[in-house]
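**Q** What follows is a predicted structure for the sequence shown.
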Amino acid sequence: MSRSRRRFLAESAVAAAALVHPGLRSFAADAPKKKVNSPFLEGNFAPVREEFTEENLKVTGTLPKGLEGMFVRNGPNPQFDPISSYHWFDGDGMLHGVRIRDGKASYRNRFIRTEKYTDEKKAGKALYRGILDMPDLKDLAGGKNPYKNPANTALVYHADKLLALYEIAEPYELKLPDLDTVGPTTFGGKVKQPFTAHPKIDPVTGELLFFGYVPNRPLVLFGTLNKKGEWVTTVPVKLEKPAMIHDFVVTPKYALFPAWPQTFDMARMLKGGSPWFFDKAQPTRWVVVPRDGKGQPKTFEAKTAFAFHLLNAWESGDEITVIGCRYPRFPGVLTFGEKEDDKTPNVSVPYQWTLNLKTDKLTETPLHDFAAEFPRHNDTLVGKEVRYGYVGYGEGDFFDGLRKLDLKTGKFTDHTYGAGRFGGEGVFVPKPDAKGEDDGWLLTFVYDKAADKSELLVMDAADMTAKPVARIHLPTRVPYGFHGAWVAGV
Ligand SMILES: [Fe+2]
């Protein structure tokens, strides 16, 4: 193995340790077991341990003609009780899939059979430490990832493959429609690097654009797969400081990486603290990189902030507009062990940054003052101007409803789930013969507290206040989770 390859692996391992990383609790495998408490193990965050397969689900309303395919959502779902700590990002990936075909709907949920899942299944108990635990320094020194990849965060369907993603590790390939696990993929050995949970598919070229970052280095590796899923390029992008970057945006010509001041410092970790901290004295730095790797990147400074999720970006003359959901700082509820002293409100609001490539000026403004997260749009418009964004809103156990933002008028309309009902990310599915940007359906799982069951809701994106087009009743509850995808024609 070459020296540089060893170095990269070691750094990726630190990355893994880091990214997720360690509130740095020391850990002893033979320590007496205590029940691990976490809000992410309670209520409808608690895991379901059974795998269901059920055909001919009861439907309230009508499954629309043209909605044929499979909705799949990923999320953390620990197979066994954790041994020493639990962060929401730790749980084994579980897929919840609803297939709609010939006017009928079926459901199945499946654990993703990762190496972690398989080892622990064999042992009959949890074996691996969580991201709040001190990583094994021997693993780190040996270039081994001390944390196992649970593949629990998101999904992308590209080049006829469904992939489960986890930001700091390789994607896992899955089978459709049975949701069995094929195994991890490095795209023919060409992509051995952390792989974002939020890659983008260029709707014109069919390329898959992705990145990975190495938390202890000021570096992003920006990659492109062609429409057949074959690796084409990896472009190293230098940052001023190491940064946690969960999502990025692309336009036809550029990729834009937001280097938030959620930064990493190994010295803090070695002193027993969290290596991650939000350095509010630092600005956000947007790094704009030509997609073809030719030409110099440009960096724009914006106010200090943090965002998990961005909606979209587009070019217009010399300007690039970016829309996202922006927090004033990293949210303390997802702490990696750092202490939060700032008690001022920290909600993510719809927000716009405008970058002028000619004048090198950046302007920014909030678009609303309400909390919004998990922004989605019509994916046929990645990198192009969108009028509509769909965000989860509300301050209940999870989202109280989906809010459709009209970026042109500044107005919004809501679909509210009702008392005691909470939903997740809304995935937009265009109608096969769509005549406009919002001519389609929004799909999300909604949990009903009183029934302790979930439904897949099908909403009319063009008429948010209407009753759901269909409510597909599931045999179990679906724990609150992360991101979903629609695969047409499965
Ligand atoms: Fe995400």
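**A** Structure's in. What do you need?

**Q** Okay, helices next: where are they in the stretch 251-400 of the chain?
**A** Taking DSSP state H, counting those that start in this stretch as the criterion, the stretch 251-400 of the chain contains helices spanning 266-270.

**Q** mind listing the strands in it by residue range?
**A** Ranges of strands in the stretch 251-400 of the chain, per DSSP state E, counting those that start in this stretch, are 254-259, 262-264, 276-278, 284-290, 298-302, 310-316, 319-326, 349-356, 362-366, 372-376, 388-393.

**Q** Now render these as TSV, adding mean pLDDT.
**A** As requested, the strands of the stretch 251-400 of the chain are exported to TSV (pLDDT from 0 to 100):
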stretch	mean pLDDT
strand 254-259	98
strand 262-264	88
strand 276-278	85
strand 284-290	98
strand 298-302	98
strand 310-316	98
strand 319-326	98
strand 349-356	98
strand 362-366	98
strand 372-376	98
strand 388-393	98
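
**Q** Mean neighbour count and distance to residue 41 for these - can I get that in TSV?
**A** Heads up, the C-betas are built off the backbone N, CA and C, glycines and all. Shown next, in TSV, are those (neighbours: other Cβ atoms under 10 Å; distance: least, Cβ to Cβ, whole Å):
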stretch	mean neighbour count	distance to residue 41
strand 254-259	24	31
strand 262-264	24	25
strand 276-278	23	22
strand 284-290	21	33
strand 298-302	18	36
strand 310-316	20	29
strand 319-326	22	26
strand 349-356	20	29
strand 362-366	14	34
strand 372-376	24	21
strand 388-393	24	21
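
**Q** Kindly reformat these as JSON lines containing distance to residue 230.
**A** Formatted as JSON lines, the strands of the stretch 251-400 of the chain follow (distance: least, Cβ to Cβ, whole Å):
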{"stretch": "strand 254-259", "distance to residue 230": "19"}
{"stretch": "strand 262-264", "distance to residue 230": "32"}
{"stretch": "strand 276-278", "distance to residue 230": "35"}
{"stretch": "strand 284-290", "distance to residue 230": "21"}
{"stretch": "strand 298-302", "distance to residue 230": "29"}
{"stretch": "strand 310-316", "distance to residue 230": "25"}
{"stretch": "strand 319-326", "distance to residue 230": "28"}
{"stretch": "strand 349-356", "distance to residue 230": "31"}
{"stretch": "strand 362-366", "distance to residue 230": "35"}
{"stretch": "strand 372-376", "distance to residue 230": "27"}
{"stretch": "strand 388-393", "distance to residue 230": "32"}
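
**Q** could you list every residue that touches the closest residue to residue 79 other than its chain neighbours?
**A** Leaving aside its chain neighbours, residue 79 sits nearest to residue 92 (4.9 Å; criterion: Cβ to Cβ, 6 or more residues apart in numbering). By Cβ atoms under 8 Å, 6 or more residues apart in numbering, the contact set of residue 92 is 76, 77, 78, 79, 111, 112, 114, 116, 117, 120, 150, 152.

**Q** which among these gets closest to residue 378?
**A** residue 152 (25.9 Å; Cβ to Cβ).

**Q** Tell me where the stretch 1-150 of the chain is predicted with low confidence.
**A** For the stretch 1-150 of the chain, residues meeting the criterion pLDDT under 70 lie at 1-33, 135, 140, 142-146.

**Q** make it 50
**A** Applying pLDDT under 50 to the stretch 1-150 of the chain picks out residues 1-32.

**Q** need the strands for it, in chain order.
**A** 53-54, 59-61, 69-76, 93-101, 104-111.

**Q** Out of these, flag the one nearest residue 359.
**A** strand 69-76 (41.1 Å).

**Q** Spell out which strands sit alongside the closest one in the sheet and which way each one runs.
**A** strand 93-101 (antiparallel), strand 484-488 (antiparallel) (DSSP bridges).

**Q** Could you look over these and pick the most buried one?
**A** Per-stretch averages of neighbours, counted by mean count of other Cβ atoms under 10 Å, single out strand 93-101 among the strands paired with strand 69-76, with a mean of 25.

**Q** report the angle between the axes of it and strand 104-111?
**A** On the basis of axes from the mean of the first three to the mean of the last three Cα atoms, to 10 degrees, strand 93-101 is oriented at 170 degrees to strand 104-111.

**Q** hang on, the earlier thing: return the distance of the residue nearest to residue 79 relative to residue 312.
**A** 31 Å (Cβ to Cβ, to the nearest Å).

**Q** and if you look at residue 112?
**A** Applying Cβ to Cβ, the value for residue 112 to residue 312 is 28 Å.

**Q** Also residue 125?
**A** 43 Å.

**Q** what do you get for residue 97?
**A** 26 Å.

**Q** for residue 210, same thing?
**A** From residue 210 to residue 312 the distance is 16 Å (Cβ to Cβ).

**Q** Stretch 240-249: how far from the chain's middle?
**A** 14 Å (Cα atoms, centre = their mean, to the nearest Å).

**Q** Now do the end-to-end distance for it.
**A** 19 Å (Cα to Cα, to the nearest Å).

**Q** Could you tell me the average pLDDT over it, please?
**A** Mean pLDDT, computed over stretch 240-249, is 95.

**Q** what comes up buried for that stretch?
**A** Buried residues in stretch 240-249, counted by 16 or more other Cβ atoms under 10 Å: 242, 243, 244, 245, 246, 247, 248, 249.

**Q** picking up where we left off before, nearest to residue 159 among the strands of the stretch 1-150 of the chain would be which one?
**A** strand 69-76 (16.6 Å).

**Q** starting at the chain centroid, how far to the closest one?
**A** Distance of strand 69-76 from the chain centroid (Cα atoms, centre = their mean) equals 12 Å.

**Q** what's across from the nearest residue to residue 469 once chain neighbours are set aside in the sheet?
**A** Closest residue in space to residue 469, ignoring its immediate chain neighbours: residue 458 at 4.6 Å, by Cβ to Cβ, 6+ apart. Residue 458 forms beta bridges with residue 443, residue 470, as assigned by DSSP bridges.

**Q** residue contacts, residue 458?
**A** Each residue near residue 458 by Cβ under 8 Å, 6+ apart is listed here: 61, 63, 64, 67, 441, 442, 443, 468, 469, 470, 471, 472.

**Q** So how do I select the buried members of these in PyMOL?
**A** Applying 16+ other Cβ under 10 Å to the contacts of residue 458 leaves a buried subset, and the PyMOL line that selects it is:
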select buried, resi 63+64+67+441+442+443+468+469+470+471+472
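
**Q** any chance of the contacts of residue 458 in JSON lines, plus distance to residue 284?
**A** Shown next, in JSON lines, are the contacts of residue 458 (distance: Cβ to Cβ, whole Å):
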{"residue": "61", "distance to residue 284": "43"}
{"residue": "63", "distance to residue 284": "43"}
{"residue": "64", "distance to residue 284": "41"}
{"residue": "67", "distance to residue 284": "39"}
{"residue": "441", "distance to residue 284": "34"}
{"residue": "442", "distance to residue 284": "30"}
{"residue": "443", "distance to residue 284": "32"}
{"residue": "468", "distance to residue 284": "38"}
{"residue": "469", "distance to residue 284": "39"}
{"residue": "470", "distance to residue 284": "41"}
{"residue": "471", "distance to residue 284": "40"}
{"residue": "472", "distance to residue 284": "40"}
